[in-house]
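Student: quick check, what structure comes out for this input:
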Amino acid sequence: MSQSYLAIVNPAAGGGRGRKMLTAALERLRAAGVPVDAAETKQAGDATRIAREAYAHGQTKFIAVGGDGTSYEVVNGLFPEASAGERPTLGFLPLGTGNSFLRDFSDRGIEHAIESLIAGRTRSCDVLRLRHRGGAIHYINLLSVGFPADVATTRARRFSGHGELGYIISIFLGLARLRRRAFPVRVDQVTEFDRRRCLFLTFNNSKFTGGTMMIAPQAEINSGLVEYVRWGAIGRLGLIRNLPKLYDGSHVEHPLAERKAVKRVEFDLDAPVAVMVDGEVLTLHCEELDVLPGALNVVA
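Tutor: Numbering: from 1, shown residues only. Next up, the predicted model:
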């Protein structure tokens with residue numbers, strides 16, 4: 001008999017509105033012959049702890065029930081241990097306010113996720129690893145500094161319960177106090193650090209952020225590369241005019257935008273900075289970013 005999935009449930013996801021949907025989703029999976037056990041989180045960090053302990057005891061199939069933040073916690077419970085062990089499988093029941101990762105495959109949300117779990121439809125997925133002064137974090141969606149991190153910080157502090165509307169409000173507040181700064185980085189074999197001021201830098205494994213913003217239109221989850229997107233020091237009026245392009249991916253064609261697919265990124269920061277990673281807001285002194293190719297199976 002195949003191993004059951006362990007669904008790690010964030011009951012607060014989506015403002016707590018997903019509990020009724022969860023019951024129906026689990027019943028549907030079990031009726032279709034997909035065995036699922038469930039463990040509920042009670043506070044931040046629980047999903048990481050539950051995933052780490054379960055993986056240490058031989059559990060390899062997981063479902064993240066919540067938003068991007070829940071998936072992020074589960075991934076950080078699996079890695080780095082899974083780098084040297086059996087490759088884990090991660091499915092999703094997207095019941096949170098932000099579910100960006102799955103949009104690479106479908107815009108049908110939970111319906112697509114359930115169908116994928118029933119069909120057993122898996123894909124190999126890279127895991128990106130950021131080393132920082134305090135340790136390391138792992139992610140499967142994206143990490144950004146600059147404008148997206150400023151927006152995510154505002155949303156987390158003031159509009160966390162307002163869904164996509166809260167994200168849009170935070171964008172316009174970010175426009176009002178627009179900051180363009182240098183985040184010195186160098187990629188692959190480049191000799192010099194890029195110290196130019198910019199609106200943002202983002203280091204992507206998948207295409208979307210904020211639910212529907214296509215920040216990295218050429219990203220692929222199993223390329224073995226980091227999709228690096230930089231937007232230079234665009235002015236406020238220019239950003240307002242080009243803001244819709246962030247939603248269809250055409251912003252990368254702007255004269256101030258650049259994108260590269262790279263294996264490694266080094267940082268030369270003077271101090272910790274605000275970082276938005278898979279929907280979570282952290283303050284980190286970033287040092288190095290690389291890829292664990294195909295380290296995870298995702299059900300999508």
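Student: in the sheet, which residues pair with residue 139? Tell me.
Tutor: Bridge pairing for residue 139 (DSSP bridges) gives the partners residue 128.
Student: and it, what does it touch?
Tutor: Contact partners of residue 139, counting by CB atoms under 8 Å, 6 or more residues apart in numbering, are 72, 75, 127-128, 130, 205, 277-278. Heads up, the C-betas are built off the backbone N, CA and C, glycines and all.
Student: which of those fall within helices?
Tutor: 72, 75 (DSSP state H).
Student: need the contacts of residue 139 in a markdown table (columns: neighbour count, pLDDT and distance to residue 243).
Tutor: Compiled in a markdown table, those are given as follows (neighbours: other CB atoms under 10 Å; pLDDT from 0 to 100; distance: CB to CB, whole Å):
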| residue | neighbour count | pLDDT | distance to residue 243 |
| --- | --- | --- | --- |
| 72 | 24 | 97 | 26 |
| 75 | 28 | 98 | 30 |
| 127 | 22 | 98 | 31 |
| 128 | 26 | 98 | 26 |
| 130 | 22 | 98 | 27 |
| 205 | 26 | 98 | 24 |
| 277 | 25 | 96 | 22 |
| 278 | 27 | 93 | 22 |
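Student: between the contacts of residue 139, which is nearest residue 289?
Tutor: Set against residue 289, the nearest of the contacts of residue 139 by CB to CB is residue 130 (5.0 Å).
Student: verify the stated contact: that closest one with residue 286.
Tutor: Yes: shown here, residue 130 and residue 286 form a contact pair, counting by CB atoms under 8 Å, at 6.2 Å.
Student: which stretches of this structure have low pLDDT?
Tutor: 1, 14-18, 97-98, 163 (pLDDT under 70).
Student: send the alpha carbons of stretch 105-112 over as CSV?
Tutor: What follows is stretch 105-112, C-alpha atoms only, in CSV (Å, rounded to 0.1, in the frame of the first residue of the first chain):
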residue,chain,number,x,y,z
PHE,A,105,0.3,25.3,-13.9
SER,A,106,-3.3,26.6,-13.6
ASP,A,107,-5.5,29.5,-12.5
ARG,A,108,-8.1,27.0,-11.2
GLY,A,109,-6.7,27.0,-7.7
ILE,A,110,-7.9,24.2,-5.4
GLU,A,111,-9.8,22.4,-8.2
HIS,A,112,-6.6,21.9,-10.1
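Student: how far is it from where the chain is centred?
Tutor: 16 Å (CA atoms, centre = their mean, to the nearest Å).
Student: quick one: contacts of it?
Tutor: Contact with stretch 105-112 is made by 21, 25, 93-95, 99, 102, 116, 300, as judged by CB under 8 Å, 6+ apart.
Student: any of those residues buried? List them.
Tutor: Buried members of those, scored by 16 or more other CB atoms under 10 Å, are 25, 93-95, 99, 102, 116, 300.
Student: can you give me the strands in the stretch 51-200 of the chain?
Tutor: 61-66, 89-94, 122-132, 135-139, 142-146, 181-182, 185-187, 197-204 (DSSP state E, counting those that start in this stretch).
Student: quick one: buried residues of the lengthiest strand in the chain?
Tutor: Counting residues, the longest strand found in the chain (DSSP state E) is strand 286-299. For strand 286-299, burial by neighbour count (16+ other CB under 10 Å) applies to 286-287, 289, 291-292, 294-299.
Student: and residue 85, what is it in contact with?
Tutor: residue 55.
Student: how near is it to residue 64?
Tutor: According to CB to CB, to the nearest Å, residue 85 stands 19 Å off from residue 64.
Student: same question for residue 170.
Tutor: Distance, residue 170 to residue 64, using CB to CB: 24 Å.
Student: neighbour count: the two, which is higher?
Tutor: Just comparing residue 170 and residue 64: by other CB atoms under 10 Å the higher neighbour count belongs to residue 64, 31 against 23.
Student: just checking, the more buried one touches residue 92?
Tutor: Yes: taking CB under 8 Å as the definition, residue 64 is a contact partner of residue 92 at 5.4 Å.
Student: what touches both of those two?
Tutor: In contact with both residue 64 and residue 92: residue 71, using CB under 8 Å, 6+ apart.
Student: residue contacts, residue 51?
Tutor: If you count contacts by CB under 8 Å, 6+ apart, residue 51 has them with 6, 8, 62, 73-74, 76-78.
Student: and those residues as JSON lines, adding neighbour count and distance to residue 220?
Tutor: Listed next are the contacts of residue 51 as JSON lines, based on neighbours: other CB atoms under 10 Å; distance: CB to CB, whole Å:
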{"residue": "6", "neighbour count": "20", "distance to residue 220": "28"}
{"residue": "8", "neighbour count": "27", "distance to residue 220": "26"}
{"residue": "62", "neighbour count": "28", "distance to residue 220": "23"}
{"residue": "73", "neighbour count": "24", "distance to residue 220": "24"}
{"residue": "74", "neighbour count": "30", "distance to residue 220": "22"}
{"residue": "76", "neighbour count": "22", "distance to residue 220": "22"}
{"residue": "77", "neighbour count": "25", "distance to residue 220": "25"}
{"residue": "78", "neighbour count": "26", "distance to residue 220": "21"}
